[in-house]
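S.K.: Next comes the sequence, and after it the predicted model I'd like to discuss.
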Amino acid sequence: MAVTEPAPAAVSAAHSAAHEGILRRQSARESAARTYARALPIVPVRARGLTIEGADGRRYLDCLSGAGTLALGHNHPVVLEAIRKVLDSGAPLQVLDLATPVKDAFTTELFRTLPRGLADRARIQFCGPAGTDAVEAALKLVRTATGRDGMLAFTGAYHGMTAGALEASGGATDVRVARLPYPQDYRCPFGIGGADGAEVAARWTESLLDDTKSGVLRPAGMILEPVQGEGGVIPAPDDWLRRMRAITAARSIPLIADEVQTGVGRTGAFWAVEHSGVVPDVMVLSKAIGGSLPLAVVVYRDDLDVWPPGAHAGTFRGNQLAMAAGAATLAYVRENGLAERAGVLGARMLTQLRSLAAEHPCIGDVRGRGLMIGVELVNPAGADGPEPGARSTTTGLLSPGRSPRPLPPAPELAAEVQRECLRRGLIVELGGRHSSVVRLLPPLTITDEQAAAILDRLADAISAAARPHHG
Ligand code: PMP
């Protein structure tokens, strides 16, 4: 497919009026808590693959992908066909958690993809149709199975917006949740970064669990993202993940991998835990598994399946259209090697972005895994303290040695880059602790040409946004 350029500036007056009217009514009627709509004043009316067409007649390259939902991009033919097939078959669309052929096919396809070691002993709980509900289910599951109440979670984590998921997320506090350091190179809390920084983080975890006076409640589980998404695109080193597996296994603590955002090929493996060979006890899955429609499940080893009937209920656990779209998506990603493709293309894009960073002092760090990519913007004039501020020297996941003091985050610059991207017909998300990380989550189906167009527009946007800051 050819790269789609933004439609010419000469947009019809009617288009423009409709677009403005819809946005005006939205801001008058919708909640102050609305999010993406604030930074992205667009009105999507049509979409295909990477491209969204707005009510203003403009076309955009969509690297937000429904917050990482669209593994195959918008309206992929196999997804549409799967949905149409269910509609045309006369199958019921609301079935609670009853068995159906559509659900049976989805579960078969999902189990086929699971990491070996879990697949052969897996149970699945269909949840209310949001990632956060599956997180709640996972926390409840391990609390029931272990009879313990505590939970281990990480700095910078994001698990959702319902009470339990929020408590396990980095921005919250809960006496039952012990907060452990998630390893990171650029803003390593220990000022070390690389393999050594990850090792210190692992030892801290180990000592908290074994110190009888650490103040940590006996944990029912440990929940982690193999790559932190909302936290600023921070991939966990494989060695560290294996350490977490060993530490939890030695203490009979179930390990919960939240693969809501990392799953279905996004990071270059079908599931991100596969990079390290770690087999979790529980996996929380949503977003891409529904093929763009709402679906969330928790998958776990059968010996944890001791919660009673009704322990995690919900009216909307049987979304047949999402299961059909999801099964089609899972099969397409598997059959077409899209995880491998994401790995190769993502590595190339990271290399290109690192070259870009060499030209722009305002790019503090470039990181990611597969097609989950983050560019952290910093203030190059803001160095303070005895050590000179610096950009990351990260070239891989494990760079040994002491990391330089990171430069201060630049959230306003990041917001400006996002606006400049939109002006150039590119939709990007912001994330990270300080909202200073520009995030790219393109569909796994993008062509080399589309990847080049994305990077061109981003480079151009960064140049434009950085200009006034450089004086
Ligand atoms: N876990 C992770 C890792 C996520 O990225 C998200 C959503 N961004 C969630 C859980 C929550 O999913 P939902 O928004 O569907 O509730």
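M.R.: Sure, I can see it.

S.K.: how about the residues of the stretch 101-250 of the chain near the ligand?
M.R.: Residues of the stretch 101-250 of the chain lying close to the ligand (CB under 6 Å from any ligand atom) are 130, 131, 132, 135, 158, 159, 160, 225, 229, 230. (Each C-beta comes from the backbone N, C-alpha and C, glycine too.)

S.K.: Just the buried residues out of these, in PyMOL syntax.
M.R.: PyMOL command restricting those to the buried ones, with burial defined by 16 or more other CB atoms under 10 Å:
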select buried, resi 130+131+132+135+158+159+160+225+229+230
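
S.K.: which ones among the residues of the stretch 101-250 of the chain next to the ligand are found in helices?
M.R.: 131, 132, 135 (DSSP state H).

S.K.: picking that back up, so can I have a markdown table of the residues of the stretch 101-250 of the chain next to the ligand showing pLDDT?
M.R.: Shown next, in a markdown table, are those (pLDDT from 0 to 100):
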| residue | pLDDT |
| --- | --- |
| 130 | 98 |
| 131 | 98 |
| 132 | 98 |
| 135 | 98 |
| 158 | 97 |
| 159 | 98 |
| 160 | 97 |
| 225 | 98 |
| 229 | 98 |
| 230 | 97 |
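
S.K.: And the helices in the stretch 201-350 of the chain, which stretches?
M.R.: Per DSSP state H, counting those that start in this stretch, the stretch 201-350 of the chain carries helices over the ranges 238-250, 320-335, 338-359.

S.K.: With the stretch 51-200 of the chain instead?
M.R.: 65-68, 77-89, 101-113, 131-146, 163-168, 194-210.

S.K.: With respect to residue 411, which of those helices lies nearest?
M.R.: Closest to residue 411 of the helices of the stretch 51-200 of the chain, according to CB to CB: helix 65-68, at 19.0 Å.

S.K.: Would the closest one count as contacting the ligand?
M.R.: Yes. Using CB under 6 Å from any ligand atom, we find that helix 65-68 touches the ligand at residue 67.

S.K.: Buried residues, that helix. List them.
M.R.: So helix 65-68, judged by 16+ other CB under 10 Å, has buried residues 65, 66, 67, 68.

S.K.: Looking at the ones in helices among the residues of the stretch 101-250 of the chain next to the ligand, which is nearest the ligand?
M.R.: residue 131 (2.4 Å; CB to the nearest ligand atom).

S.K.: That closest one reaches residue 286, doesn't it?
M.R.: Yes. The criterion here is CB atoms under 8 Å, and residue 131 meets it with residue 286 at 3.6 Å.

S.K.: Overlap in contacts, those two.
M.R.: Taking CB atoms under 8 Å, 6 or more residues apart in numbering as the criterion, residue 131 and residue 286 both touch 260, 296.

S.K.: if I look at the spatially closest residue to residue 214 that is not a sequence neighbour, how far off is residue 192?
M.R.: Spatially, and ignoring its direct neighbours in sequence, residue 214 is nearest to residue 208 (4.6 Å; CB to CB, 6 or more residues apart in numbering). Between residue 208 and residue 192 the distance is 19 Å, computed by CB to CB, to the nearest Å.
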